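Peer 1: Provided below for reference: sequence and predicted model.
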Amino acid sequence: MRTVHSLKELRTILRSYRQQGKTIGLVPTMGNLHEGHVSLVRKAAEAADIVVTSIFVNPMQFGANEDLDTYPRTLADDQDKLAAAGNTLVFAPSADEIYPEGLARQTKVVVPEVSEGHCGASRPGHFEGVATVVTMLFNMVQPDLAVFGEKDFQQLAVIRKLTRDLMIPVEIIGAPTVREEDGLAKSSRNGYLNEEERAIAPVVYQTLTSVAAQLEQGRSDFDDLAREANDTLAKAGLRPDYFNIVNSQTLKPASEADRELTLLVAAFLGTTRLIDNLSVTR
Ligand code: PAF
């Protein structure tokens, strides 16, 4: 498995694979890889001949008071995990390689509607940063397919829409959330939790499964359900950012007629912001 840091090297290697008629799968990441990322790489390896994993902590998607500087950078460990998972090539560029003129002068990709609300409301500019870097990665790698985790449900919806709207010829594949045994969704940010917080964290998934069960049993008082979920999270020691019950396609507030619903949650545990989601068919 090779690691390259420049776009020039990336393009030279990929050109040769393409000339050999190989298909290319892309797994965009910010590194600090865990089993969730490994599952994305395995999925890409099932569907494409060559798997490129990008590792880039994208400054454009972090807000001013967020964890850009402290976000864990663990390239050597990541390379070991990727090699074992069947990855072919790692693309680990610097910020200067991706944004040579700086963030302020960079052309940006804005995805209306699905970017608004939920994490888009709590983290202004976040999805603009994600959409921009993912579009650039698509242009740099020109993959046949790209795999993203369903844990970032809104992000996946944003990426599906930008791919459709900008007519980018890449197949977007969503991969199921990988969880710890107690239900906590695997996330690079789980490493920020102290022992006490880690013991509380599974309440997020427990709350999702409890609300999903009530929806399946016929409850449709969405606002009450969301209020109760926020209370449960708060009583357990979390600070809920939002708990929203939405139409799975539009991500707009659920209505009585909707059959496919998704519960979206974000909550702070200490200074760590956890997100998760669960989809329900009624
Ligand atoms: O999900 C992530 O790790 C990031 O948002 C992504 C898609 C790699 C873009 O920086």
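Peer 2: That came through, no problem.
Peer 1: So which bits of the chain are right by the ligand?
Peer 2: Residues of the chain lying close to the ligand (Cβ under 6 Å from any ligand atom) are P28, T29, M30, N58, Q61, V130, V133, V134, D152, Q155. Bear in mind the C-beta positions are built from the backbone N, C-alpha and C, glycine included.
Peer 1: Determine the set of other helices and strands touching the helix or strand in which the first one is found.
Peer 2: Of the helices and strands defined by DSSP states H and E, P28 is found in strand 24-29. Under the contact criterion of 3 or more Cβ pairs under 8 Å, 6 or more residues apart in numbering; DSSP states H and E, strand 24-29 touches helix 7-19, helix 35-47, strand 50-55, helix 126-141, strand 145-149.
Peer 1: Who does it pair with, and is each partner parallel or antiparallel?
Peer 2: Sheet pairing for strand 24-29, assigned by DSSP bridges, gives strand 50-55 (parallel), strand 145-149 (parallel).
Peer 1: Single out the most deeply packed of the ones you listed.
Peer 2: Most buried of these by mean neighbour count (mean count of other Cβ atoms under 10 Å) is strand 50-55; its value is a mean of 26.
Peer 1: can you state the direction angle for that strand and helix 126-141?
Peer 2: 140 degrees (axes from the mean of the first three to the mean of the last three Cα atoms, to 10 degrees).
Peer 1: and the angle for strand 50-55 with helix 7-19?
Peer 2: With the same axes, to 10 degrees applied, the angle from strand 50-55 to helix 7-19 works out at 160 degrees.
Peer 1: Let me know the next secondary structure element after strand 50-55.
Peer 2: helix 75-84.
Peer 1: Quick check: next helix or strand after that following helix?
Peer 2: strand 89-91.
Peer 1: Can you give the distance from that following strand to the centre of its chain?
Peer 2: When C-alpha coordinates are averaged (Cα atoms, centre = their mean, to the nearest Å), strand 89-91 and its chain have centres 19 Å apart.
Peer 1: mind listing what it pairs with, with the direction of each?
Peer 2: strand 2-4 (parallel), strand 50-55 (parallel).
Peer 1: so can I have JSON lines of these showing distance to P240 and mean pLDDT?
Peer 2: As requested, those are arranged in JSON lines below (distance: least, Cβ to Cβ, whole Å; pLDDT from 0 to 100):
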{"stretch": "strand 2-4", "distance to P240": "40", "mean pLDDT": "98"}
{"stretch": "strand 50-55", "distance to P240": "31", "mean pLDDT": "98"}
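Peer 1: Any chance of a markdown table for the ones you listed, columns distance to R42?
Peer 2: Below are the strands paired with strand 89-91 laid out as a markdown table (distance: least, Cβ to Cβ, whole Å):
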| stretch | distance to R42 |
| --- | --- |
| strand 2-4 | 19 |
| strand 50-55 | 9 |
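Peer 1: Can you check which of those gets nearest to S188?
Peer 2: Nearest of the strands paired with strand 89-91 to S188, taken as Cβ to Cβ: strand 50-55 at 11.4 Å.
Peer 1: Now do that closest one against helix 35-47, angle only.
Peer 2: Going by the same axes, to 10 degrees, strand 50-55 makes 160 degrees with helix 35-47.
Peer 1: circling back to that earlier point, ok, which of the strands paired with strand 89-91 comes nearest R15?
Peer 2: With Cβ to Cβ as the measure, strand 50-55 is the member of these nearest R15 (11.9 Å).
Peer 1: Extract the C-alpha set from the closest one and format it as CSV.
Peer 2: Taking C-alpha atoms only, strand 50-55 is exported to CSV below (Å, rounded to 0.1, in the frame of the first residue of the first chain):
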residue,chain,number,x,y,z
ILE,A,50,-8.6,-0.1,-6.4
VAL,A,51,-9.4,1.7,-3.1
VAL,A,52,-8.1,5.2,-2.4
THR,A,53,-8.6,6.4,1.2
SER,A,54,-8.1,10.1,1.7
ILE,A,55,-6.9,11.3,5.1
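Peer 1: what's around L26, how many residues?
Peer 2: 27 (other Cβ atoms under 10 Å).
Peer 1: and the residue nearest to M1 when sequence neighbours are not counted, how many neighbours does it have?
Peer 2: Spatially, and ignoring its direct neighbours in sequence, M1 is nearest to A83 (4.5 Å; Cβ to Cβ, 6 or more residues apart in numbering). A83 has 12 neighbouring residues, counting by other Cβ under 10 Å.
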